[in-house]
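Asks: Next comes the sequence, and after it the predicted model I'd like to discuss.
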Amino acid sequence: DTAVSQTPKYLVTQMGNDKSIKCEQNLGHDTMYWYKQDSKKFLKIMFSYNNKELIINETVPNRFSPKSPDKAHLNLHINSLELGDSAVYFCASSIEQGAPYNSPLHFGNGTRLTVT
Amino acid sequence: GEDVEQSLFLSVREGDSSVINCTYTDSSSTYLYWYKQEPGAGLQLLTYIFSNMDMKQDQRLTVLLNKKDKHLSLRIADTQTGDSAIYFCAHNQAGTALIFGKGTTLSVSS
C-alpha cells in the first residue's frame, strides 16, 4: 500500500495552461507539505498544512494555490503555467509539523511537470 | 549564502568508505538529518542526530556533528553499489519545515 501517493506521475503541458496535482496520504498524519525540486535537485519547501490549516507559505507566486479538503489530502493547483515551473513536485507528510526525528517526512514519488 | 551547503558529487569504489559533508548556518537547529533519494523516488530518512550529540553510529552509517563549526558529515562504511543515490542534509527549528541542502550525488563503481 502506497503511503503517500501523488497523481499524475508525469505532466506535460503548454505555457499558460492551468493544472492540478493531487496528493493523498493514508498514514493518518496531521501535516502535509509540498516541496519543489528543480533540475539541479535543489529541494525547497512551498507549503505546509497542519490538519487542513495553512502553516507555511513560502515565497511562491500566487499562481500556486494549495487546497486541503481534509487532512489526508493536499492538492496543488497551478494557474498560467510558465516555463520556470518545470520541476519535480513532491508531496510529503509527517505526524507533526517540522518532522522531528520521531516523525520523519514521508515523501510521495513526485510529479514531474514539464511546461513547453 | 545558502542555509545548508553540500558538495554536489562524490565518486567512490565499492568497498571504500564514503564521507559526505554538510555545513549549515542556523545554530538553533534542534535536529540534523540525512535523507536519501534514489532515482525516481522521494526522499527517505536515513539517520538523524540531536544537536547536543557529537557522533551517532547506526550499522554502516556514522554521523559526526561539529556544532562549533556547524559541520555535519555522513560516513558510509563498505560502500555498496546500492548506496548510489542523492544524499540530502537537512535541519529545522522546532515547528518549522525541514530545510534541505542541495544534495550530494554519490556514485559507487564496482
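Replies: Arrived safely, thanks for sending.

Asks: Where does the prediction get shaky in chain A?
Replies: Scanning chain A with the threshold set as pLDDT under 70 gives A:1-2, A:100-102.

Asks: can you list the residues of it near chain B?
Replies: Proximity of chain A to chain B, by C-beta under 8 Å from any C-beta of the partner chain, involves residues A:4, A:33, A:40-45, A:48, A:56, A:90, A:92, A:97-101, A:104-110. From N, CA and C alone the C-beta is placed, and that goes for glycine too.

Asks: run the last query once more with 7 Å
Replies: A:33, A:40-43, A:45, A:48, A:56, A:90, A:97-101, A:104-105, A:107-110 (C-beta under 7 Å from any C-beta of the partner chain).

Asks: From chain B, how far out is the closest residue in space to residue A:39 that isn't next to it in sequence?
Replies: In space, and not counting its chain neighbours, residue A:39 is closest to residue A:87: 7.2 Å by C-beta to C-beta, 6 or more residues apart in numbering or on different chains. Look at residue A:87 and chain B: by C-beta to the nearest C-beta, to the nearest Å, they are 14 Å apart.

Asks: show me what contacts residue A:87?
Replies: Applying C-beta atoms under 7 Å, 6 or more residues apart in numbering or on different chains to residue A:87 gives the contacts A:36, A:37, A:38, A:113.

Asks: got the contact list for whatever residue of chain B ends up closest to chain A?
Replies: Nearest to chain A, among the residues of chain B, is residue B:42, at 2.6 Å (C-beta to the nearest C-beta). Neighbouring residues of residue B:42 by C-beta under 7 Å, 6+ apart: A:90, A:107, A:108, A:109, A:110.

Asks: before we move on, back to that, between the contacts of residue A:87, which is nearest chain B?
Replies: Among the contacts of residue A:87, residue A:37 lies closest to chain B (C-beta to the nearest C-beta), at 8.7 Å.

Asks: Isn't that closest one up against residue A:88?
Replies: Yes - Residue A:37 is within contact range of residue A:88, at 4.5 Å (criterion: C-beta atoms under 7 Å).

Asks: a markdown table please, covering the contacts of residue B:42 and showing secondary structure, distance to residue B:102 and neighbour count.
Replies: A markdown table is the format used below for the contacts of residue B:42 (DSSP: H, G, I helix; E, B strand; the rest coil; distance: C-beta to C-beta, whole Å; neighbours: other C-beta atoms under 10 Å in any protein chain shown):
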| residue | secondary structure | distance to residue B:102 | neighbour count |
| --- | --- | --- | --- |
| A:90 | strand | 15 | 26 |
| A:107 | strand | 17 | 23 |
| A:108 | coil | 21 | 25 |
| A:109 | coil | 20 | 16 |
| A:110 | coil | 17 | 22 |
